[in-house]
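Chemist: 3D, please:
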Amino acid sequence: MSGSDSTLEDDWATGREEGASAPRRSLNLRQIEVFRAVMLAGSVSGAGRMLHVSQPAVSRMLSLTEDRLGFKLFERQRTRLFPTAEARRLFTEVEGLYRGVERVNDLARNLARSGAGSLRIVASASYGERLIPMTLQRLLQRNPGAPLSFRNVTYDELTARFLTGDADIGISMTAPEHANLKSVELGRDALVCLLPATHPLASRPVLRPQDLPGTAWIGYPPVAPLGRVLAGWMGQEAAASAAIEVHSPTSAVAFAQQGLGAALVVRWSLPAALAEGMVVRPLEPQASVGIWAVSSRIEPLPALAKRFMTALGNVLAAGPSHQI
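Modeler: You can find the predicted model right below:
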């Protein structure tokens, strides 16, 4: 190693930087990098190989780090280093730091690839059956390779996804009430009844509120968005007479297809092709829920999210295509 290279490695190993002042009690990024490498490798020589520096340089940096902290990070047994309790606690925080750096790098790569970053969509499970996939199909036709992520969420989870920065756009049956969120109603989704052709109500052309009590039917908790709609449509007492209670129309569809009863669901939750032996009947009077687009008031809507909204508007205009 030349004299110049030796000086550079000595500076790296002691943490000296241009214009650096007297040593501080806090750690710099070089010391954190070495500590993490030793934790992962279990030895000074292994950490040196990971960092592409010599073993003495790692040893000097590790010694300086322990001096600066005022406590030991490792117990030395022959060639192995065993972390102390303090080191294990510190490593948890260091890994959190590195995960944050990885997220920054992921975002930078996404921005370089698409100019808009990854679009993160959350939606009620009912709209994840057909509405969201059809919208993404249309979006990707014009934006091939755009990075996307989608997650079904309950109404209770929706707000939290935005507050933790895990969502750019949300599609929900209900507009969440939060000062940092804004909601726009894009349209209405009518409730219909999905039931086996052998069900006693299947012969009726339409279903009315008084038809369901006393039969096998599938409903929702009173606090759920559809539970509240049904309470308004048929009365609270009648809405509580369901034989089976589920938390999502997608579950209600699955239960109905197994012959467990008539399911009151939104049209967008119906599969593209109904299972054999299943029929759909409209409700009278009509009942419906909103289709709400939710976004942050604080963060601007990403360009890809705006394109998603355009595609969604076109899909909604065409409708779910089921003939009732």
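Chemist: would you list every one of the helices in the stretch 51-200 of the chain?
Modeler: For the stretch 51-200 of the chain, the helices defined by DSSP state H, counting those that start in this stretch occupy 55-69, 85-114, 125-128, 131-142, 155-163.
Chemist: Which one of these lies nearest to residue 253?
Modeler: For residue 253, the closest of these is helix 125-128, at 9.2 Å, according to CB to CB. The way it works is simple: take the backbone N, C-alpha and C, and place the C-beta from them, glycine included.
Chemist: In this structure, where is pLDDT below threshold?
Modeler: 1-25, 106-117, 321-324 (pLDDT under 70).
Chemist: Quick one: the strands in it, in order.
Modeler: For the chain, the strands defined by DSSP state E occupy 74-77, 80-83, 119-123, 148-152, 169-172, 181-196, 217-219, 244-245, 262-266, 278-282, 288-296.
Chemist: Mean neighbour count and distance to residue 208 added to these, as CSV?
Modeler: Shown next, in CSV, are the strands of the chain (neighbours: other CB atoms under 10 Å; distance: least, CB to CB, whole Å):
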stretch, mean neighbour count, distance to residue 208
strand 74-77, 12, 75
strand 80-83, 15, 70
strand 119-123, 23, 31
strand 148-152, 14, 32
strand 169-172, 24, 28
strand 181-196, 18, 10
strand 217-219, 25, 13
strand 244-245, 15, 21
strand 262-266, 27, 12
strand 278-282, 18, 10
strand 288-296, 20, 16
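Chemist: Out of those, flag the one nearest residue 46.
Modeler: With CB to CB as the measure, strand 80-83 is the member of the strands of the chain nearest residue 46 (9.4 Å).
Chemist: for that closest one, the distance to its chain's centre please.
Modeler: Put simply, strand 80-83 sits 38 Å off its chain's centre (CA atoms, centre = their mean, to the nearest Å).
Chemist: Convert the C-alpha atoms of it to CSV, please.
Modeler: This file holds the C-alpha atoms of strand 80-83, laid out as CSV (Å, rounded to 0.1, in the frame of the first residue of the first chain):
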residue,chain,number,x,y,z
ARG,A,80,-14.9,-14.4,17.0
LEU,A,81,-16.7,-11.4,18.4
PHE,A,82,-19.8,-11.8,20.5
PRO,A,83,-22.1,-8.7,20.8
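Chemist: related to what we said a few turns ago, with respect to residue 161, which of the strands of the chain lies nearest?
Modeler: Closest approach to residue 161 among the strands of the chain (CB to CB): strand 119-123, 4.9 Å.
Chemist: picking up where we left off before, most tightly surrounded among the helices of the stretch 51-200 of the chain?
Modeler: helix 125-128 (a mean of 22; mean count of other CB atoms under 10 Å).
Chemist: Now do it: everything it contacts.
Modeler: Helix 125-128 has contacts (CB atoms under 8 Å, 6 or more residues apart in numbering) with 150, 152, 154, 171, 173, 189, 248-250, 265-266, 268-269, 291.
Chemist: likewise stretch 226-245?
Modeler: Here stretch 226-245 makes contact (CB under 8 Å, 6+ apart) with 173, 191, 209-210, 212-214, 216-222, 249, 255, 260-261, 264, 266, 283, 285, 287-289.
Chemist: So for residue 250, what's the nearest residue that isn't a sequence neighbour?
Modeler: In space, and not counting its chain neighbours, residue 250 is closest to residue 125: 4.7 Å by CB to CB, 6 or more residues apart in numbering.
Chemist: Quick check: the one you found vs residue 172, distance?
Modeler: Residue 125 sits 11 Å away from residue 172, going by CB to CB, to the nearest Å.
Chemist: Name the residues contacting each of the two.
Modeler: Residues touching both residue 125 and residue 172 by CB under 8 Å, 6+ apart: none at all.
Chemist: Among the helices of the stretch 51-200 of the chain, single out whichever gets nearest to residue 318.
Modeler: helix 131-142 (8.5 Å).
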